[in-house]
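**Student:** Generate a structure from the sequence data that follows.
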Amino acid sequence: MADNQKTLKAPVAFSGKGLHTGMESNMTVHPAPAGSGIVFRRTDLEGRPEIPALADYVTDTSRGTTIEKGGAKVCTIEHIMSALWTLGIDNAVVEIDAPETPIMDGSAKDFAAALSETGLEEQEAERQYYEVRETIEFDYPEKNASIVIYPDSKFSVSVHVDYHSRVVGNQYATFSEEEDYAKEIAPCRTFAFLHELEPLLAANLIKGGDLDNAIVVAEKEVSDAELERLARVFDKKDIRITDGYVNNLQLRFINEIARHKLLDVLGDLALLGMRIKGRVLANRPGHFVNTETARALKRNIKRDANRPSFVYDPTAEPVYDINRIRRTLPHRPPFLLVDRIFHIDETSVAGIKNVTMNEPFFVGHFPEEPVMPGVLIIEAMAQCGGILALNSVPDPENYSTYFLRIDNVRFKNKVVPGDTLQFELKLTEPIRRGIVVMEAKAYVGGRLTTEASLMAQVAKNKA
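**Tutor:** Below you'll find the model as predicted:
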C-alpha cells in the first residue's frame, strides 16, 4: 500500500547560535502544502528568498552542508534536515533570520523532540520513492570513502568510520525505519579532533562552537600551557583531558561518533528530495561524499524516469492471458491491441503487445516503411489502462471505458514490426465517480517510445 506525504500540525520555533558564524539565529519550521518539499526561507533578506533543500543547491561542504540560490544561502542544514526527513516530514518551510541554523547542543536532539511533540499531519498526495533495483557503488578515493546502496524494500543505513585514532577506534552504527530516531540517533553530537581546532579558528570558523556543543577528541598529550590557552579561547575556567576527550566529556553512546556520522548521512541524503527504498552502507562518509551521492542519485532518477518500472518475463505465467483480456475488454481483433498483462495492483498495470508484420495497419502505414501509427499506440495504452480501471468492478464484462481527454502526448521513437511494446500505466489520483486519470508510457527494449496523460470514464454498458 502506498503511504502519503506528511507535514507538521503546527509551527515549531528554535533559537541559538550558528556553529561557524556565531550569529544568533531564530528558526521556525512551518507546515507546507503537499508536493512542496522542504524549503528554507531567509526572512532577514529583502524579498524573503527561498532555497529548496535539494542537492542541486549545495555549494559548500567544508564543515557542514550549505545550500545557496540567487546569492541567498543557509549553512549547516544537515541536523535539522536529518530530523525533519527521518521523522517523516516531507513538506515544510523553514524560516530563518540568519545565514546559519542554530547548532543547539551539537546534535538533532532538540529538533527531534520538538517536532515529535508537535506531531504530523497526513496529506492527500502519495510519497515518491526512489527504488534501488540494482547495487549502486560510489567511490571517493580522494576522501578514502565509499557509499554502496543495495536493493531493499525498506530504507536503512549502516556507517563505518575509522580515523586511525587510538581514542575513537573503529566504530559502526546502523539505523532502520523500525528504530527510534529521536532516541537512538538524534542525541549524537558533532565532533572534532583537537588538532583541527586551530585551523578552524584561523579560518574564522566555529565562532559559535564551544566544549558544550561538540565532542573534542585529543589524540596526543597536551601541555598545561596549551590547555590554558584553549581555556581562554573557549572562555572556560579550565580545560582537562580524560581518556582522550576534552573536559571529561561523557559520551551518550559508546559509538556516538559513528552515530553522528549516520545522523549526517540521513540529513544529507534527504537532499535527494525523494525517499529511498534501499540499504545504504557508508564507509567514512562526510558531507561532500553524502551530497555528491545525492546528486548522483538524482541523475539516476532522471535517467530511470525513461526506463520501465516493471520487468517483463515472457516465461512467467501472465496475470491476464489473452482469454481473460477478451473477457474484460469489449475490444476484438483487429482492434484488440493488448496481448498480455504481467502486472496489476490497485494503482498500476503493465502489459505487452507483440507487434508483427501481420498487423492490418501496416498495409497502408507505410507499405515500404512499416511504422505503427501513434494513435494506435495511444489506443493500446488506453486498453491496458482500461483493464486497471475495470479491475475495480466485480463484473467488468458489463462495463466499458471511454476517452475523455488526452494530454502531453510525446512520440520519442518509432515502433516497427518485430518490436514488443511494453505498456505501463499508473493512476495519478484515486478513481472517483468512474473518472480515471493515468500517466501512460510505452517502451520497446527498455527505451521510451510514447508517453501521455489519459483521462477516461468507466460506464456501464447498455443492456
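**Student:** okay, CA-based contacts and neighbour counts for the rest of this
**Tutor:** OK.
**Student:** Buried residues in stretch 338-352, which are they?
**Tutor:** For stretch 338-352, a neighbour-count test (16 or more other C-alpha atoms under 10 Å) marks 338-344, 347-352 as buried.
**Student:** need these in a markdown table with secondary structure, can you?
**Tutor:** Listed next are these as a markdown table, based on DSSP: H, G, I helix; E, B strand; the rest coil:
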| residue | secondary structure |
| --- | --- |
| Val338 | coil |
| Asp339 | coil |
| Arg340 | strand |
| Ile341 | strand |
| Phe342 | strand |
| His343 | strand |
| Ile344 | strand |
| Thr347 | coil |
| Ser348 | strand |
| Val349 | strand |
| Ala350 | strand |
| Gly351 | strand |
| Ile352 | strand |
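**Student:** Just put those in a markdown table and tack on pLDDT and distance to Arg189.
**Tutor:** Listed next are these as a markdown table, based on pLDDT from 0 to 100; distance: C-alpha to C-alpha, whole Å:
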| residue | pLDDT | distance to Arg189 |
| --- | --- | --- |
| Val338 | 98 | 58 |
| Asp339 | 98 | 58 |
| Arg340 | 98 | 55 |
| Ile341 | 98 | 52 |
| Phe342 | 98 | 50 |
| His343 | 97 | 47 |
| Ile344 | 97 | 47 |
| Thr347 | 94 | 43 |
| Ser348 | 96 | 44 |
| Val349 | 97 | 47 |
| Ala350 | 98 | 48 |
| Gly351 | 98 | 51 |
| Ile352 | 98 | 53 |
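**Student:** Pop out the phi and psi values for Glu142.
**Tutor:** Main-chain dihedrals, Glu142, degrees, to the nearest 10: phi -70, psi -20.
**Student:** Quick check: the gap between it and Val289.
**Tutor:** Distance, Glu142 to Val289, by C-alpha to C-alpha, to the nearest Å: 10 Å.
**Student:** Looking at these two, which is more packed in?
**Tutor:** Neighbours were counted for Glu142 and for Val289 using other C-alpha atoms under 10 Å; Val289 has more, 24 against 6.
**Student:** tell me which residues of the helix or strand encompassing that one are tucked away?
**Tutor:** For Val289, the element it lies in under DSSP states H and E is helix 287-304. Judged by neighbour count (16+ other C-alpha under 10 Å), helix 287-304 contains these buried residues: His287, Phe288, Val289, Asn290, Thr291, Glu292, Thr293, Ala294, Arg295, Leu297, Lys298, Ile301.
**Student:** Next one: the nearest residue to the first one once chain neighbours are set aside, what pLDDT does it get?
**Tutor:** Excluding the flanking residues, the one nearest His287 by C-alpha to C-alpha, 6 or more residues apart in numbering is Thr61, at 5.4 Å. Note on Thr61: pLDDT of 97.
**Student:** in stretch 105-119, what counts as buried?
**Tutor:** Neighbour-count burial for stretch 105-119 flags Asp105, Gly106, Ser107, Ala108, Lys109, Asp110, Phe111, Ala112, Leu115, Ser116 (criterion: 16+ other C-alpha under 10 Å).
**Student:** In space, what's closest to the first one - neighbours in sequence excluded?
**Tutor:** Yep, that's Asp105 we're talking about. Asn213 (4.3 Å).
**Student:** quick check, the one you found in a strand?
**Tutor:** No: per three-state DSSP, Asn213 lies outside any strand segment and is coil.
**Student:** and it, what does it touch?
**Tutor:** Ile103, Met104, Asp105, Gly106, Ser107, Arg189, Thr190 (C-alpha atoms under 8 Å, 6 or more residues apart in numbering).
**Student:** any chance of those in TSV, with distance to Phe138, pLDDT and secondary structure too?
**Tutor:** Shown next, in TSV, are the contacts of Asn213 (distance: C-alpha to C-alpha, whole Å; pLDDT from 0 to 100; DSSP: H, G, I helix; E, B strand; the rest coil):
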residue	distance to Phe138	pLDDT	secondary structure
Ile103	30	94	coil
Met104	32	95	coil
Asp105	32	93	coil
Gly106	28	93	coil
Ser107	27	96	coil
Arg189	26	95	coil
Thr190	24	92	coil
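**Student:** Report the two of the buried residues of stretch 338-352 separated the most.
**Tutor:** Asp339 and Thr347 (20.4 Å; C-alpha to C-alpha).
**Student:** how about the strands in the stretch 251-400 of the chain?
**Tutor:** 275-283, 340-344, 348-354, 399-411 (DSSP state E, counting those that start in this stretch).
**Student:** Please state the backbone phi and psi of Thr101?
**Tutor:** phi -70, psi 150.
**Student:** need the contact list for it.
**Tutor:** Lys17, Gly18, Ser25, Asn26, Met27, Val74, Cys75, Thr76, Ile77.
**Student:** Kindly recompute the last result at 6 Å.
**Tutor:** By C-alpha atoms under 6 Å, 6 or more residues apart in numbering, Thr101 lies in contact with Gly18.
**Student:** Tell me the confidence at it?
**Tutor:** 97.
**Student:** Report the separation between it and Thr356.
**Tutor:** Taken as C-alpha to C-alpha, the span from Thr101 to Thr356 is 62 Å.
**Student:** Check Phe288 too.
**Tutor:** Distance, Phe288 to Thr356, by C-alpha to C-alpha: 51 Å.
**Student:** same deal with Met104?
**Tutor:** Applying C-alpha to C-alpha, the value for Met104 to Thr356 is 67 Å.
**Student:** Which one's more surrounded, those two?
**Tutor:** Neighbour totals were compared for Met104 and Thr356, and Met104 leads with 22 against 14 (other C-alpha under 10 Å).
**Student:** Can you tell me the element the nearest residue to the more buried one once chain neighbours are set aside falls in?
**Tutor:** Once flanking residues are discounted, Met104 sits nearest to Gly16: 6.1 Å by C-alpha to C-alpha, 6+ apart. Gly16 belongs to strand 12-17 when assigned by DSSP H and E.
**Student:** can I have the helix or strand following that strand written out in PDB, keeping just the CAs?
**Tutor:** Note on strand 12-17: by DSSP H and E, the next helix or strand toward the C-terminus is strand 24-31. Extracted in PDB, the C-alpha atoms of strand 24-31 (Å, rounded to 0.1, in the frame of the first residue of the first chain):
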ATOM      1  CA  GLU A  24      22.100  34.400  16.800                       C
ATOM      2  CA  SER A  25      19.600  32.500  14.700                       C
ATOM      3  CA  ASN A  26      15.900  32.300  15.000                       C
ATOM      4  CA  MET A  27      14.400  29.400  13.000                       C
ATOM      5  CA  THR A  28      10.700  28.400  12.700                       C
ATOM      6  CA  VAL A  29       9.600  25.300  10.900                       C
ATOM      7  CA  HIS A  30       6.100  25.800   9.300                       C
ATOM      8  CA  PRO A  31       3.700  23.300   7.700                       C
END
